[in-house]
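Q: Let's see this in three dimensions:
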Amino acid sequence: MNTPVLVGLAVYAGVLFFLDRRARTTRLLDYLLAGRQLTLVPFVATLVATWYGGVLGVGEFSYRFGLANWVVFGVPYYLAAVLFAFGLASRARSSAVLSIPEQLRAAYGPVAAKVGAVLVLLMATPAAYVLMLGQLVEVYLGVSRPWGVAVTTALTVASVVLGGFRTVVRANLFQFALMYLAFLILLPVALRELGGFSGLWAMLPETHKTLSGGLPLQAIAVWYVIALQTLVEPTFYQRCYAATTPKVARNGVLISVAFWVLFDFLTTFSGLAARVLVPNLQDPGLAYPALGNLLLPPWLNAVFAVGLFATVSSTAHSYLFLAAATVGHDLLPSRWKARERPFIAVSLAGLGLAAAVLALVLGSVVLIWHDVGSIVTSSLLLPLVLAHFPKRFWFSPKACLLAVTGSALLASGWILAREGGVYPLGLEPVFPALLWSLLVWGTDVLLPKAGSGFICLGRRRQP
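A: This next block holds a predicted model:
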């Protein structure tokens, strides 16, 4: 048992519980969206912290493929976030809705909203993040991974139940500071050990110095499509709905991109340092803990460990609450709406259990990201983005349902047909699933406008 880390985590957990009790609220809008009073600084802190929970996956990818981490997990997400900022952030805040399913309901009706809510729930269930928390407990405290997943999930549920989204925002401000502090401690110590950036560069394998990392083009290109999940990312929309003004929403996303670039610099080069200084790791997903254990004195390593926990748990907090809010606000039958708030609190426990089970069954962070991202992105991308634009671009209600369910089933089937990591026809699942959605939209919207003059998917078109 690592005593300094245990003490640091106890203090960290105590702060989170304190913040939750300070954020206690009885108003539903406060509980769901902090009363729509999110100003620029907390907006940036909560978005940055929430969108970077996969730090161990970043460490694994940097360790295995070098600078390709920036090309795969950095650049595509920056571009998608900029697209979101200029195309959707202000529009989302200007709307009267409180969630993605409500946006789908306004455009396509109640059935599409329910299907969309199920997909949002799939994306928001934080299996990947509770798995990483379990891994961290295992490596730092010597507790078995299943027990680590169980304990950290229970603590995550307990520390958000009273204040809801207000707690999430306050916790994210604290976690934002810790995540940067952690790598501002680790990277300079590693560079000093290696003789600076030049020494690190000289000792890296040649593949780690290339932008591809030796990966095939399709394996890189698919992440530029999966990164479009940013345009349907429920935590982005949640924060935009909560912002004080559309301007705060747009500028907050743009400023967040700059912070992600900085954090990617810190984490990528820390992963490269781990590749040189700890070259034979059996589990590259633990590259950062291994590097910290090697280089840092015990109490400084404890601060770094708490920073890693904060980076991961910030996302686990956000997604778990979002998943519970989706169940309570968007999936709860209307006759039970009077009990929406307590139902959300109960859902937190049930969804925490589901996330823990999924984490232990699936066992791979990157695989969870890939598969869930492929299904949800291909299903919701076109219907949700177009719902923020003039009505002439919308699917018809029946076409929307056909596009969403067809894409989800196609992507899921494609993933289940994977053998030895190879997909049917050598295509990543997101490509055929997105193509289906595009074909449905083209048949429903574009062909009738071109003069086909037939009844298409439930909406009469005139020549």
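Q: Can you show me the strands along the stretch 351-463 of the chain?
A: Using DSSP state E, counting those that start in this stretch, the strands found in the stretch 351-463 of the chain span residues 455-456, 459-460.
Q: Where among those strands is average confidence lowest?
A: Mean pLDDT is lowest for strand 459-460 among these, at a mean of 42.
Q: Give me the neighbour count for residue 341.
A: 16 (other CB atoms under 10 Å). Any C-beta I mention is one placed from the backbone N, CA and C, and that applies to glycine too.
Q: Kindly report the same for the one 4 residues further on.
A: Other residues within reach of residue 345, judged by other CB under 10 Å, total 16.
Q: was I right about it contacting residue 163?
A: No: using CB atoms under 8 Å as the test, residue 345 is too far from residue 163 to be in contact (10.9 Å).
Q: how about stretch 147-157 as CSV, C-alpha atoms only?
A: The C-alpha trace of stretch 147-157 is given here as CSV (Å, rounded to 0.1, in the frame of the first residue of the first chain):
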residue,chain,number,x,y,z
TRP,A,147,-12.3,-3.9,-6.3
GLY,A,148,-10.7,-0.8,-7.6
VAL,A,149,-13.4,-0.3,-10.2
ALA,A,150,-16.1,-1.0,-7.6
VAL,A,151,-14.8,1.4,-5.0
THR,A,152,-14.0,4.3,-7.3
THR,A,153,-17.4,4.0,-9.1
ALA,A,154,-19.2,4.1,-5.7
LEU,A,155,-17.2,7.2,-4.7
THR,A,156,-18.0,8.9,-8.0
VAL,A,157,-21.7,8.3,-7.6
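Q: Give me the buried positions along it.
A: Residues of stretch 147-157 classed as buried by neighbour count (16 or more other CB atoms under 10 Å): 148-153, 155-157.
Q: In a markdown table: those residues, plus pLDDT.
A: Converted to a markdown table, the buried residues of stretch 147-157 look like this (pLDDT from 0 to 100):
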| residue | pLDDT |
| --- | --- |
| 148 | 90 |
| 149 | 90 |
| 150 | 90 |
| 151 | 90 |
| 152 | 90 |
| 153 | 89 |
| 155 | 89 |
| 156 | 88 |
| 157 | 89 |
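Q: Go through those and name the one nearest residue 374.
A: Minimum distance to residue 374 across these is 24.0 Å, recorded for residue 149 (CB to CB).
Q: now the closest one: how far from residue 122?
A: 19 Å (CB to CB, to the nearest Å).
Q: Can you name the residues that contact the closest residue to residue 309 other than its chain neighbours?
A: Closest residue to residue 309 apart from its sequence neighbours, by CB to CB, 6 or more residues apart in numbering: residue 136 at 5.9 Å. Residue 136 makes contacts with 56, 148, 289, 305, 308-309, 312, as judged by CB atoms under 8 Å, 6 or more residues apart in numbering.
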